[in-house]
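Q: Next one to model:
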Amino acid sequence: MSKIKNLNTLMVCLDLTEIDRYLIEYASYLSQTLEMDKVIFFHAIQAYDLPDKSSKKFPDLETDLSTKIKAEINSVVSSHFKRKVNTDVITRIEDEDAANVIIDFTRKEDVDLALIGQKYGEDRSGHYGHKIAAEALTDLMFIPEEPDLKLDKVLCAVDFSRDSEKAFRRALDIAQSKNSTIICHYLYDSSKSYFPATTIRTKGVLDKKVHKRFRKFLKKFDLTPDDIELRMRVNEEFKSQAEKLYEEARSLEVDLLVVGAKGKTSVVTSLLGNVTESLRRMEKQMPVMIMKNVKTRK
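A: A predicted model of the protein is given here:
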């Protein structure tokens, strides 16, 4: 089984609101835990929030504003980053939508993982989060307010596809770095089964098939079901797979949920694509990592 790219460069997307503090704290913890080389703090200043560009004072305002914002971010960063790690604060004044700027940056720079804050009560069906989740070529981690700074238990969603192999490899690497517990949750595509899908006989047959595939899946990583527990919930047909997955994560009190996405998550024709987009919209209490699998990525 080939290895995936190491998490060397972390990008933290800031918006100058209260959630930035939680993002910076989590970035410090994550970069130290996973021994990352560089953390980039990025903020796009929207030009339409500034005075008329035709003003002669605009160039000076742009320079002064960027300098002030950088100084404020650096002050918070220095108070949380005790480990020696290469940090960089980047601010840009852009005419473009902030989501497009972030997407463009991840395409041009060697970013391995981008942290994005999600405030409680935020409209998650909105343009900003959806566009970044769909089009950014880097792996993403959505961070809620006040996340626990620990990685003792990791839950990884699997459907035994190549996309979930990549997600499991990342979850495994993270768990091994902290000697953490890792658990798998099987994503069951009920749309491909005949109704009723939850009879005792059907469920028994499904259990055997899934566990047989799980053994084959783990063999690629030199593991067995004795090493990794598999959870599956196929008897709640009126709940979405994303709901089942998140409820499992809550009941297990995991510190991180990892899901693989198939290509652009705006195209939700695949089970994983559908789950990642639905999961992004939910109000979550733990960080969620979405592993992208886009062929055009560096």
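
Q: which stretches of the stretch 101-250 of the chain form strands?
A: Taking DSSP state E, counting those that start in this stretch to define them, one finds strands in the stretch 101-250 of the chain at 113-118, 139-144, 153-158, 181-186, 229-232.

Q: Tell me how far the third one lies from the chain's centre.
A: A distance of 12 Å separates the C-alpha centroid of strand 153-158 from that of its chain, computed with C-alpha atoms, centre = their mean, to the nearest Å.

Q: in the lengthiest helix in the chain, what's buried?
A: If you go by DSSP state H, the chain has its longest helix at helix 58-80. Burial within helix 58-80, assessed by neighbour count using 16 or more other C-beta atoms under 10 Å, is assigned to 62, 66, 69, 73, 76-77. Where you see a C-beta, it was placed from the backbone N, CA and C, and this is true even at glycine.

Q: Now do the SS call for Ser278.
A: Three-state assignment for Ser278 (DSSP: H, G, I helix; E, B strand; the rest coil): helix.

Q: now the angle from the helix or strand where Val89 lies to helix 58-80?
A: Taking DSSP states H and E as the criterion, the element that holds Val89 is strand 86-94. Interaxial angle of strand 86-94 relative to helix 58-80 (axes from the mean of the first three to the mean of the last three C-alpha atoms, to 10 degrees): 150 degrees.

Q: which one among the buried residues of helix 58-80 gets closest to Glu35?
A: Nearest to Glu35 out of the buried residues of helix 58-80 is Val77 (C-beta to C-beta; 18.1 Å).

Q: residue contacts, the closest one?
A: For Val77, the set of contacting residues under the criterion of C-beta atoms under 8 Å, 6 or more residues apart in numbering consists of 24, 41, 87, 89.

Q: Columns distance to Lys244 on top of those, output as a markdown table?
A: Listed next are the contacts of Val77 as a markdown table, based on distance: C-beta to C-beta, whole Å:
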| residue | distance to Lys244 |
| --- | --- |
| Ile24 | 33 |
| Phe41 | 35 |
| Thr87 | 39 |
| Val89 | 40 |
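
Q: can you redo these as JSON lines with pLDDT?
A: Formatted as JSON lines, the contacts of Val77 follow (pLDDT from 0 to 100):
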{"residue": "Ile24", "pLDDT": "94"}
{"residue": "Phe41", "pLDDT": "94"}
{"residue": "Thr87", "pLDDT": "90"}
{"residue": "Val89", "pLDDT": "91"}
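
Q: List only buried entries from those residues.
A: Burial by neighbour count, 16+ other C-beta under 10 Å: within the contacts of Val77 this picks out 24, 41, 87, 89.

Q: which one among those residues gets closest to Ile132?
A: Checking the buried ones among the contacts of Val77 against Ile132 by C-beta to C-beta gives Phe41 as the nearest, at 16.2 Å.

Q: What distance do you get for that closest one to Asp20?
A: Phe41 sits 9 Å away from Asp20, taking C-beta to C-beta, to the nearest Å as the criterion.

Q: Could you tell me which residues touch both of those two?
A: Taking C-beta under 8 Å, 6+ apart as the contact definition, Phe41 and Asp20 share the neighbouring residues 14, 73.

Q: what ranges of the stretch 51-200 of the chain fall below the confidence cut-off?
A: Low-confidence segments of the stretch 51-200 of the chain (pLDDT under 70): 51-63, 83, 94-96, 121-128, 189-200.

Q: can you tell me how far the residue lying closest to Ser177 once chain neighbours are set aside sits from Leu230?
A: Spatial nearest neighbour of Ser177, chain neighbours left out: Leu34 (5.9 Å); criterion: C-beta to C-beta, 6 or more residues apart in numbering. For Leu34, the distance to Leu230 (C-beta to C-beta) stands at 25 Å.
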